[in-house]
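[1] Sharing a model prediction with you, sequence too.
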Amino acid sequence: MKSTPAIATAALLLLGLAACGGTDAAETAEAPPAKSIILITPNPVGTNSFLQLGVKGAEAAAKELGASFKLYESKDPTSIAQNVDAAVRAKPTVIVGISFSFDDVFTTVPKANPGQQFLQVDSCAKEQAPNLACVSFKEHEAAYLAGVEAGLLSKSGQIGVVAALDTPFIHRWIEPFFAGATSVKPAAQGTPLYVGGSNPFSDPARAKSQAQTLTGRGVDLIAAAASGGNPGVFEAVAASGGKAFGVDVNQCALSPGNVVDNVLKHVDVAEHAAIKEIFDGRTGGVKVYGLAEGGVGVNALGDDLASSGCTVAASPDVVAKVKQTRDDIFAGKITVADPLQS
């Protein structure tokens, strides 16, 4: 009983401290949420240059905007769905999904979560919700330019493509490449082969095997469109005396003297810009980046061609033709057919 006054005094002291310096639940709830970005990839990033660009763009945006960044790497459709669900529960400022692998899940999840902003890079769900922004590219325009180079440089007139999968989207790297070649060498013949298997975007061994099949048929120029599998293609052409084209980024340094040029796609730049727009409140919609918008290209068009390590730098006549073709596309004199629209 004698301790009661002490207890009462302590209680009053605690109440006083709370009144002076405490923060109640209402104040906490009203605090603005922290800015954050979650990027979900369809496969482990690893050596996949396309996914590396996705990470680069999101990280750059996070740094500029003062936001946190988290990467969720998937391995199959099931883990993609699981990662999207986990991201929704985390409630970031924006959830970014990269590639056509998100077409299905982004058809339903954004509609079910209208208060959450989503960004899909390199594709767009067919039924686009108002809170889903999309960024896509005209890869076929850059592939056409690479094809022009291949047609001018091929000695056998046999060119090929080693692509990850036989899908309408990936055909943007195939038919336009062959069309560019035949525009300057009508007799040129093109053959595509596909990596396939359980890991089509990161399987150098299977990509190399398909490239060896092509070189065995007399193909002397191969466009590598197998992402992480591209080094396998470079190994095959190096052994056969042929040449290759890279994809997404400058891959000429991966196999010095064996890579002519690259079908470039500036995923990081477009993704960075789209995230900034979402943070500024400009959400939804679709933006398409082609040659005119600086979203795609080839190293032959760059000011740094001389230091690129690409063998096309040694063929100024080919570079001049590529630049003329680019200008003709700008002027509407050449229209590159989009396999996705056919």
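    Everything's here; your move. Numbering: from 1, shown residues only.
[2] if I pick the residue nearest to residue 152 when sequence neighbours are not counted, what's in contact with it?
    Take residue 152 and drop its neighbours on the chain: the residue closest to it by Cβ to Cβ, 6 or more residues apart in numbering is residue 318, 4.9 Å away. No exception for glycine: its C-beta is placed from N, CA and C like everyone else's. Taking Cβ atoms under 8 Å, 6 or more residues apart in numbering, we find residue 318 in contact with 148, 149, 152, 153, 300, 312.
[3] Now for those, which sits with the most neighbours around it?
    When neighbours are counted by other Cβ atoms under 10 Å, residue 149 leads the contacts of residue 318 with 31 neighbours.
[4] which SSE is it in?
    helix 139-153 (DSSP states H and E).
[5] for that helix, packing partners?
    In terms of contacts (3 or more Cβ pairs under 8 Å, 6 or more residues apart in numbering; DSSP states H and E), helix 139-153 is packed against strand 158-163, helix 175-184, strand 221-225, strand 243-248, strand 259-265, strand 296-298, helix 316-331.
[6] Name the stretch among those that sits most buried.
    strand 221-225 (a mean of 31; mean count of other Cβ atoms under 10 Å).
[7] any idea of the angle that strand forms with strand 259-265?
    30 degrees (axes from the mean of the first three to the mean of the last three Cα atoms, to 10 degrees).
[8] then the helix or strand that strand 221-225 is followed by to PDB, C-alphas only?
    For strand 221-225, the following helix or strand on the C-terminal side (DSSP H and E) is helix 230-240. This file holds the C-alpha atoms of helix 230-240, laid out as PDB (Å, rounded to 0.1, in the frame of the first residue of the first chain):
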ATOM      1  CA  ASN A 230      24.400 -14.700 -77.300                       C
ATOM      2  CA  PRO A 231      28.000 -15.500 -76.100                       C
ATOM      3  CA  GLY A 232      27.400 -19.000 -77.400                       C
ATOM      4  CA  VAL A 233      26.600 -17.600 -80.900                       C
ATOM      5  CA  PHE A 234      29.800 -15.500 -80.800                       C
ATOM      6  CA  GLU A 235      31.900 -18.500 -79.900                       C
ATOM      7  CA  ALA A 236      30.400 -20.400 -82.900                       C
ATOM      8  CA  VAL A 237      31.100 -17.700 -85.500                       C
ATOM      9  CA  ALA A 238      34.600 -17.100 -84.100                       C
ATOM     10  CA  ALA A 239      35.400 -20.700 -84.700                       C
ATOM     11  CA  SER A 240      33.900 -20.700 -88.200                       C
END
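[9] Report pLDDT for residue 11.
    Residue 11 carries a pLDDT value of 42.
[10] ugh, wrong one, I meant residue 298
    In this model, residue 298 carries a pLDDT of 98.
[11] Was I right to think it contacts residue 144?
    No: Residue 298 is beyond contact range of residue 144, at 9.7 Å (criterion: Cβ atoms under 8 Å).
[12] Quick check: chain neighbours aside, which residue is closest to residue 246?
    residue 262 (3.9 Å).
[13] The one you found: what's it in contact with?
    Residue 262 neighbours (Cβ under 8 Å, 6+ apart): 146, 245, 246, 247, 248, 249, 250, 251, 252, 298, 299, 310.
[14] wait, residue 71 sits on residue 39?
    Yes: applying Cβ under 8 Å, one finds residue 71 in contact with residue 39, separated by 5.3 Å.
[15] ok, these two, which is more surrounded?
    residue 39 (30 against 17).
[16] so the more buried one, which of the three states?
    strand (DSSP: H, G, I helix; E, B strand; the rest coil).
[17] Would you mind naming the residues that bridge with it?
    Beta-bridge pairing for residue 39 (DSSP bridges): residue 71, residue 96.
[18] got the CA coordinates for the helix holding residue 149 in PDB?
    This file holds the C-alpha atoms of helix 139-153, laid out as PDB (Å, rounded to 0.1, in the frame of the first residue of the first chain):
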ATOM      1  CA  GLU A 139      12.800  -3.200 -82.500                       C
ATOM      2  CA  HIS A 140      12.000  -4.100 -86.100                       C
ATOM      3  CA  GLU A 141      13.400  -0.700 -87.300                       C
ATOM      4  CA  ALA A 142      16.800  -1.400 -85.800                       C
ATOM      5  CA  ALA A 143      16.800  -5.000 -87.000                       C
ATOM      6  CA  TYR A 144      16.200  -3.800 -90.500                       C
ATOM      7  CA  LEU A 145      19.300  -1.500 -90.300                       C
ATOM      8  CA  ALA A 146      21.400  -4.500 -89.000                       C
ATOM      9  CA  GLY A 147      20.100  -6.500 -92.000                       C
ATOM     10  CA  VAL A 148      21.300  -3.800 -94.400                       C
ATOM     11  CA  GLU A 149      24.800  -4.300 -92.900                       C
ATOM     12  CA  ALA A 150      24.500  -8.000 -93.200                       C
ATOM     13  CA  GLY A 151      23.500  -7.900 -96.800                       C
ATOM     14  CA  LEU A 152      26.400  -5.600 -97.700                       C
ATOM     15  CA  LEU A 153      29.000  -7.600 -95.800                       C
END
